[in-house]
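Q: Turn this into a structure:
(2 chains)
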Amino acid sequence: GAVVSQHPSRVICKSGTSVKIECRSLDFQATTMFWYRQFPKQSLMLMATSNEGSKATYEQGVEKDKFLINHASLTLSTLTVTSAHPEDSSFYICSASENQPQHFGDGTRLSIL
Amino acid sequence: GQQLNQSPQSMFIQEGEDVSMNCTSSSIFNTWLWYKQDPGEGPVLLIALYKAGELTSNGRLTAQFGITRKDSFLNISASIPSDVGIYFCAGQLRGSGGSNYKLTFGKGTLLTVNP
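A: Below is the predicted model:
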């Protein structure tokens, strides 16, 4: 149980493109989902917390207009990286929480050329 | 953001050896979690600890929630090549509302097992 699916697993696109990443909880309802960013050989950095039906809470230093989060249902949250630039290239990981503990998706490798 | 002190940063061991890693924090957590991450994948939950002093096993893995609620350790016995990966500790405060369920992660321990 507690399977979290993240899609796509890899994206390569040109600078200026907007990219949408989906995070789904497959066998449970997740009132809370989290979005992380991970640079090579580093730990996970929390970007934002999204609660179903309400606005996401962003961590300090994360631009909410750059990283749009939508959590419209109890099984789906999306992260849109708007007008992506090379510095946005990273590994993005979502997690979902059915109360606790958090279960993670397999991540999305985003490469902006 | 806040991070836990996780050590060691990396370990190189022979197959069959036991491994121990730990995390400490300056603040109290109500839950300690241990995850393993393989390259290019998301972290996978290994063990969750909910009570101070709790000792929990999952196969060859054993973890303990420190009595002060500021530390936790993970032991792996009789290591095998597939134990290779990065192990992360994470602390969690429980509270009202989803935002208080966020995790604070350690920097990870990279484990290499030589066959």
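Q: Burial check on B:M11, number of neighbours?
A: Applying other CB atoms under 10 Å in any protein chain shown, we find 18 other residues in the vicinity of B:M11. For glycine as for every other residue, the C-beta is placed from the backbone atoms N, C-alpha and C.
Q: got the residues of chain A near chain B?
A: Taking CB under 8 Å from any CB of the partner chain as the criterion, chain A approaches chain B at residues A:4, A:6, A:31-32, A:34, A:42-46, A:49, A:51, A:57, A:59-60, A:91, A:93, A:95, A:97, A:99-107, A:109.
Q: How about the least confident helix or strand in chain B by mean pLDDT and chain A, touching?
A: Using mean pLDDT, DSSP states H and E, strand B:103-105 stands out as the lowest-scoring helix or strand of chain B, at a mean of 92. Yes. Strand B:103-105 comes into contact with chain A (CB under 8 Å from any CB), by way of B:L103, B:F105.
Q: which other helices and strands contact that strand?
A: For strand B:103-105, the helices and strands in contact under the criterion 3 or more CB pairs under 8 Å, 6 or more residues apart in numbering or on different chains; DSSP states H and E are strand B:85-92.
Q: hmm, 10 Å instead?
A: The elements that strand B:103-105 packs onto, with contact taken as 3 or more CB pairs under 10 Å, 6 or more residues apart in numbering or on different chains; DSSP states H and E, are strand A:32-38, strand A:44-51, strand B:31-37, strand B:85-92.
Q: JSON lines for the ones you listed, including mean pLDDT, distance to B:K107 and mean neighbour count?
A: Rendered in JSON lines, the data for the helices and strands packed on strand B:103-105 read as follows (pLDDT from 0 to 100; distance: least, CB to CB, whole Å; neighbours: other CB atoms under 10 Å in any protein chain shown):
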{"stretch": "strand A:32-38", "mean pLDDT": "95", "distance to B:K107": "12", "mean neighbour count": "25"}
{"stretch": "strand A:44-51", "mean pLDDT": "92", "distance to B:K107": "10", "mean neighbour count": "22"}
{"stretch": "strand B:31-37", "mean pLDDT": "96", "distance to B:K107": "12", "mean neighbour count": "24"}
{"stretch": "strand B:85-92", "mean pLDDT": "95", "distance to B:K107": "8", "mean neighbour count": "24"}
